[in-house]
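Participant: Please work out how this folds:
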Amino acid sequence: MAHCKCSLQRGQLPTNSQYNARWQLASRFHKARALKVLPCNAAAPAVVAPAQDVYEELAQHADAALGATAGTTPLGRGLVLDKDTQGKCVVSVSLINALLIADDPVNNISIFSDRQHRHWQERHGQLPSLLLEFLQGEARWDIRMAAWLLWVQQHKRRSPLWNSYLSLLPPEQQMSCLLNFSKDEAVELQVPFLQSEAVVQADWCAYLHGHFLDRVSGRLAPLQLSNTLQDSLWALSMVRSRTFSEDVNGEALTLMVPYADLANHSFDNNSTFCLSKDTKSFELRATRAVAAGEEITISYGDQKPNVDLLRDYGFIIPGNPYDRVQFSAHIHSTSTKRTTDGTSSAVEHLRGLNPVCLLEAVGFTGNLAAGTIQFHLQAAADGRDKLRLARQAAALLSLPLTKPDNAAGNSNVGLTSWLSAATQAWTPSGQPDPVPLTKEQVPVERATVQQLQQLLLQQLAELPTSIQTDEKLLQQLQERATSSSVSSSGKSGSASNSKQTVLLQQPDSQTTGQSAGLSAWRVRRRRR
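Facilitator: Numbers count the residues shown, from 1 in each chain. From the prediction side, this is the model:
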């Protein structure tokens, strides 16, 4: 029987409602993971943006040539272009005013970084021999950069450049990288692998503090860098979230660049970063035509899901197209599930779903197996609908799919297999295009849909709160943040011992919209 769409009637397929139920559950689980909230026990503090002249002073002291200035953007505090440009440098900072280290100075070359250390000392003063040896030693790049930043904090407050820069960095209690979560706070992440990763990060930071940075017991104790674990967490989170990576003649480098690190992230970034041709400056360069008043954005890394963005930078992107629901722990043929009496029973291997019928049932078009799908009415959708559709697309792309006939795993052999393959249309990647279900395959497809629904319900049930509860908490936090900001207008921002929410969403964010934390600082950072 030919595998063509006209060979089946609509009634023979799993119904739209069956497909949609499974699809909506996957989308809901995807959204639940993306919108986990950190409930606060205390009112969120007001955060007042620094005065514009503070950024101007920083740019001046950093010897920065500007085509973009700091300003308020949809992503928080960022860099806004002054005039139309195309393919030009929009921000340039003298490299002598950056912190720069080689990633692996012991096992690789470090000619450029060693030279930059000499230039830095000529401009900013001598570094202690213990610190300089550490910066050029075998420890990981992040702990070496953190030690340098802590030393600058301790000894360069009288420097106009470093005082301006340090005054604009957020305190540790406003940071929301996973390493900033205590074990008690990590419980509020709810998703198990995020909780475990936060614990790993916290333990790792505690080790680095005690082994290297602690002023009493650390290897660098004579430098008196860190009084408390919180001091070390601050430095490590700054390094984790604000550093750039570059390469000069095969020498991998890590840099902290004042003012340039105000650039926010977008998957549809209009700019990039690099060293100038003479390697004397660090530049942000437009990669396409950018209009005056448009925000300069760079990429912190291609195709990063929200898990990675939260871990390294402390924010998420609503409707992140690279988020995926993970089923691997639930669908192996050897996996087990807990029954009502507390015993374990084997879970049947989960078969894949038919990509052609799946897309048709839920209103998407494209090639699901190739990851290129779109909603057929997306052009007419408003902001909220685009955000919802982006989450649904990510959920669809998470689902297990059947492979086309004659792809890997075909049971046919010999001449029959060759003749069957030869009659099918093949894609440039060397695989035949997917085809709809046959009548005989429909019962198996329905069973797979039901099994997948149960797996998704099980995973959702394991989360302590529902998505409805999370959305109510988000709304309450937004209202409290607005109320606190209004009541504190004109006053300096205050710190809080309670962790602020890290995933506060803009309700009408576009697919590429960024989370807006209670602080403009929440919408940072970088590209490790």
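Participant: Need the phi and psi values for Leu127.
Facilitator: In terms of degrees, to the nearest 10, the main-chain angles of Leu127 are phi -90, psi 140.
Participant: what bits of the stretch 401-528 of the chain have low per-residue confidence?
Facilitator: Applying pLDDT under 70 to the stretch 401-528 of the chain picks out residues 404-433, 485-528.
Participant: From Ile96, how far off is Lys280?
Facilitator: 8 Å (Cβ to Cβ, to the nearest Å). Any C-beta I mention is one placed from the backbone N, CA and C, and that applies to glycine too.
Participant: These two: which has the busier surroundings?
Facilitator: Comparing Lys280 with Ile96 by other Cβ atoms under 10 Å, the one with more neighbours is Ile96, at 17 against 12.
Participant: Just the pLDDT for that one.
Facilitator: Model confidence at Ile96, given as pLDDT, is 97.
Participant: Make sure it is indeed in a helix.
Facilitator: Yes - counting by DSSP: H, G, I helix; E, B strand; the rest coil, Ile96 falls inside a helix.
Participant: Quick check, it in contact with Arg123.
Facilitator: Yes - counting by Cβ atoms under 8 Å, Ile96 touches Arg123, with 5.0 Å between them.
Participant: Does the residue nearest the centre of the chain belong to a helix, a strand or coil?
Facilitator: When Cα atoms, centre = their mean is applied to the chain, the residue found nearest the centroid is Leu309 (1.7 Å). Three-state call for Leu309 (three-state DSSP): helix.
Participant: who's in contact with it?
Facilitator: His265, Tyr300, Phe315, Ile316, Ile317, Asn320 (Cβ atoms under 8 Å, 6 or more residues apart in numbering).
Participant: With Phe244 as the reference, measure out to the fourth one.
Facilitator: This means Ile316. 21 Å.
Participant: swap in Ser466?
Facilitator: 40 Å.
Participant: Looking at those two, which is more packed in?
Facilitator: It is Phe244, of Ser466 and Phe244, that has more neighbours when counted by other Cβ under 10 Å, with 23 against 13.
Participant: Is that one bridged to anything, and to what?
Facilitator: Leu255 (DSSP bridges).
Participant: Return the residues in contact with it.
Facilitator: Shown in contact with Phe244 (Cβ under 8 Å, 6+ apart): Thr254, Leu255, Met256, Val257, Ala260, Asp261, Phe273, Phe282, Arg526, Arg527.
Participant: in which helix or strand would I find the residue nearest to Asp103 when sequence neighbours are not counted?
Facilitator: Closest residue to Asp103 apart from its sequence neighbours, by Cβ to Cβ, 6 or more residues apart in numbering: Ala252 at 4.0 Å. Secondary structure from DSSP states H and E places Ala252 in strand 251-256.
Participant: immediately after that strand, which helix or strand?
Facilitator: Assigned by DSSP H and E, the successor of strand 251-256 is strand 264-265.
Participant: Relative to that following strand, what are the paired strands and their orientations?
Facilitator: According to DSSP bridges, strand 264-265 forms sheet pairs with strand 295-298 (parallel).
Participant: State the mean pLDDT of the strand it pairs with.
Facilitator: Average pLDDT, strand 295-298: 96.
Participant: List of residues touching that strand?
Facilitator: So strand 295-298 is contacted by 68, 73-75, 78-81, 90-91, 263-266, 268-273, 284, 286, 290, 527 (Cβ under 8 Å, 6+ apart).
Participant: Apply 10 Å and report the result again.
Facilitator: 67-69, 71-76, 78-81, 85, 90-91, 244, 260, 262-273, 284-287, 290, 512, 514, 526-527 (Cβ atoms under 10 Å, 6 or more residues apart in numbering).
Participant: That'll do, ta.
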